[in-house]
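J.: I need the structure of the sequence given here:
(one chain, ligands or ions: 2)
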Amino acid sequence: MSSRTGAKVPVIDFSNQNLKPSSPEWDLLKFQVREALEEYGCFEASFDQLLELRQPVLEALKQLFDLPFQTKQLCVSDKPLRAYHGSQSRLYDSISTDDAHIAENIEQYLTTTLWPQGNISFSKTLASFTQLALGLEKTILRMILESFGLEKYMDELVDSTNNHLRAMKYGRPNTSEPTLGIPQHCDNTILTLLSQLNEVQGLEIQNKNGEWMNLNPSPNSFVVMLGESFSIWLNGRLSSCYHRVLMEGNEARYSIGLFARPRGGYLVKVPKELVDDKNPMLFKPFDLEEFLRTYSPQIVQERDNISGAKVSVIDFSNQNLKLGSLEWDLLKFQVRGALEEYDYFKASFDQLLELRQLVLEALKKLFDLPFQTKKVENPFVPMLGVHQDCKRHIH
Ligand SMILES: O=C(O)CCC(=O)C(=O)O
Ligand SMILES: [Fe+2]
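T.: Ligands and ions are numbered 1, 2, ... in the order given. A predicted model of the protein is given here:
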């Protein structure tokens with residue numbers, strides 16, 4: 001396991017309710033935000049208005065996660081990474097809804113599904129939380145854009161954002177051994193705002209040296225993280241924050257987050273102001289929803305679990321396979337059929353067997369090297385060099 005450090009991410013105070021753009025205080029905060037994101041892709045935003053909502057939100061989440069598994073399972077969605085995700089055996093349980101800034105969505109997709117008889121206080125509490133987090137999220141977004149001189153994109157980004165609200169519970173691991181609640185990943189968001197609702201810690205981020213830092217956020221603060229979509233939109237000028245949740249002890253952890261994501265149909269595209277001879281465009285424009293549907297291994301797996309489908313296995317082991325032969329044509333037919341049906345297939349290829357162990361040993365040797373040795377890279381060439389922060393797990 002990688003090393004740890006006791007260092008802390010910066011805490012930036014957003015509690016002043018009269019904060020105005022262009023004021024000296026605004027400019028100071030803007031500077032601090034940019035500095036923190038450059039260093040960590042993350043910071044703690046203290047925001048006193050959160051304090052009075054924290055307990056009601058915690059109660060609402062306890063009520064929700066205490067519902068029978070079968071009831072929670074009624075929250076379904078045909079879109080990737082939505083609705084209820086949990087199982088009776090796993091530690092992590094989550095329920096979410098899109099466009100939570102529209103209170104009716106919370107009511108319709110969560111409350112009415114979970115409590116057909118109604119639960120007004122649940123809807124109201126989550127709607128208030130969403131509004132609070134959203135206000136802060138927009139302030140921070142504006143500051144980041146201003147710090148690049150790109151504030152003219154504010155409306156476009158806000159209008160194309162899906163404010164995804166996710167409630168999370170990490171069950172008690174009942175062990176003093178650190179147990180993975182969520183594996184290391186970067187969020188696919190523009191920005192993520194997280195609030196840990198009880199005193200059970202667990203969120204960690206990885207710094208530039210590859211060390212894990214425990215977050216320990218205070219009760220009046222949001223953890224703010226820059227997501228992959230924003231990092232791409234910014235042509236890599238800021239990096240997304242690599243993080244995970246480790247649990248230990250015998251208490252459950254509750255958290256809730258507002259995940260500001262580019263909505264389906266919106267093309268995330270580096271603005272022309274960030275591209276010139278010295279800074280070529282590093283990323284192709286992409287539609288996040290389409291990307292998730294196509295590439296997320298988690299989603300592909302979930303899709304197959306849900307449909308009970310069997311992935312095609314096509315056998316390429318015949319070393320004498322000849323172009324144009326009958327066998328060739330049969331395989332060609334199978335490949336086309338599998339791709340049309342599932343977008344992917346398993347190719348069995350016996351020649352791989354003897355190499356597999358050797359490659360495994362080589363990789364072990366490689367990744368066991370010290371972080372500093374691995375980190376010899378050109379940071380401006382995407383997907384070359386060492387990538388500790390690429391999506392191994394998508395949220
Ligand atoms: O629960 C937390 O504090 C972190 C959750 C998280 O990283 C995620 O849902 O993407
Ligand atoms: Fe995350």
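
J.: helix or strand with the lowest mean pLDDT in this structure?
T.: Least confident helix or strand of the chain, by mean pLDDT, DSSP states H and E, is helix 297-307 with a mean of 51.

J.: that one: what's the following helix or strand?
T.: Next helix or strand after helix 297-307 toward the C-terminus (DSSP states H and E): strand 313-315.

J.: would you list the strands that that next one pairs with, along with their directions?
T.: strand 346-348 (parallel) (DSSP bridges).

J.: any idea of the mean pLDDT for the strand it pairs with?
T.: Confidence for strand 346-348, expressed as mean pLDDT, is 87.

J.: can you check stretch 247-263 too?
T.: 95.

J.: send me that stretch as PDB with only the CA atoms.
T.: Taking Å, rounded to 0.1, in the frame of the first residue of the first chain, the C-alpha atoms of stretch 247-263 are listed here in PDB:
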ATOM      1  CA  MET A 247     -13.400   2.200   6.500                       C
ATOM      2  CA  GLU A 248     -12.400   0.700   9.800                       C
ATOM      3  CA  GLY A 249     -14.100   0.100  13.200                       C
ATOM      4  CA  ASN A 250     -17.700  -0.600  13.900                       C
ATOM      5  CA  GLU A 251     -19.700   2.400  12.900                       C
ATOM      6  CA  ALA A 252     -21.400   3.100   9.600                       C
ATOM      7  CA  ARG A 253     -20.400   6.200   7.600                       C
ATOM      8  CA  TYR A 254     -22.900   8.500   5.900                       C
ATOM      9  CA  SER A 255     -22.100  11.100   3.300                       C
ATOM     10  CA  ILE A 256     -23.900  13.000   0.600                       C
ATOM     11  CA  GLY A 257     -22.600  14.700  -2.600                       C
ATOM     12  CA  LEU A 258     -23.600  16.900  -5.300                       C
ATOM     13  CA  PHE A 259     -21.900  15.700  -8.500                       C
ATOM     14  CA  ALA A 260     -22.000  18.400 -11.200                       C
ATOM     15  CA  ARG A 261     -21.700  16.500 -14.400                       C
ATOM     16  CA  PRO A 262     -22.000  17.500 -18.100                       C
ATOM     17  CA  ARG A 263     -25.400  16.400 -19.200                       C
END
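
J.: tell me the contacts of the residue in the stretch 101-250 of the chain positioned nearest to ligand 1?
T.: Of all residues in the stretch 101-250 of the chain, Leu203 sits closest to ligand 1, at 4.1 Å by CB to the nearest ligand atom. Heads up, the C-betas are built off the backbone N, CA and C, glycines and all. Contact partners of Leu203, counting by CB atoms under 8 Å, 6 or more residues apart in numbering, are Leu194, Gln196, Asn214, Leu215, Pro217, Val223, His243, Arg244, Val245, Ser255.

J.: for it, phi and psi?
T.: According to degrees, to the nearest 10, the main-chain angles of Leu203 amount to phi -80, psi 130.

J.: surely Thr125 and Arg54 touch.
T.: No. In this structure Thr125 lies outside contact range of Arg54 using CB atoms under 8 Å: 10.5 Å.

J.: the two: which has the busier surroundings?
T.: Using other CB atoms under 10 Å, the more surrounded residue of Thr125 and Arg54 is Thr125, with 21 against 17.

J.: secondary structure element for the more buried one?
T.: Using DSSP H and E, Thr125 maps to helix 120-147.

J.: report the distance from that helix to the chain centre.
T.: Helix 120-147 sits 18 Å away from the centroid of its parent chain (CA atoms, centre = their mean, to the nearest Å).

J.: and what of stretch 52-66?
T.: 22 Å.

J.: so which residues make contact with it?
T.: For stretch 52-66, the external contacting residues (CB under 8 Å, 6+ apart) are 72, 93, 95, 110, 114, 119, 121-122, 125-126, 128-129, 132, 167, 169, 195, 197-198, 219-220, 254, 256.

J.: which of these are buried, as a ChimeraX select command?
T.: In ChimeraX syntax, the buried subset of the contacts of stretch 52-66 is picked out as below (16 or more other CB atoms under 10 Å):
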select :72,93,95,110,114,119,122,125,126,129,132,167,169,195,197,198,220,254,256
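
J.: can you classify Gly210 by secondary structure?
T.: coil (DSSP: H, G, I helix; E, B strand; the rest coil).

J.: quick check: closest non-adjacent residue to it.
T.: Once flanking residues are discounted, Gly210 sits nearest to Phe371: 3.8 Å by CB to CB, 6 or more residues apart in numbering.
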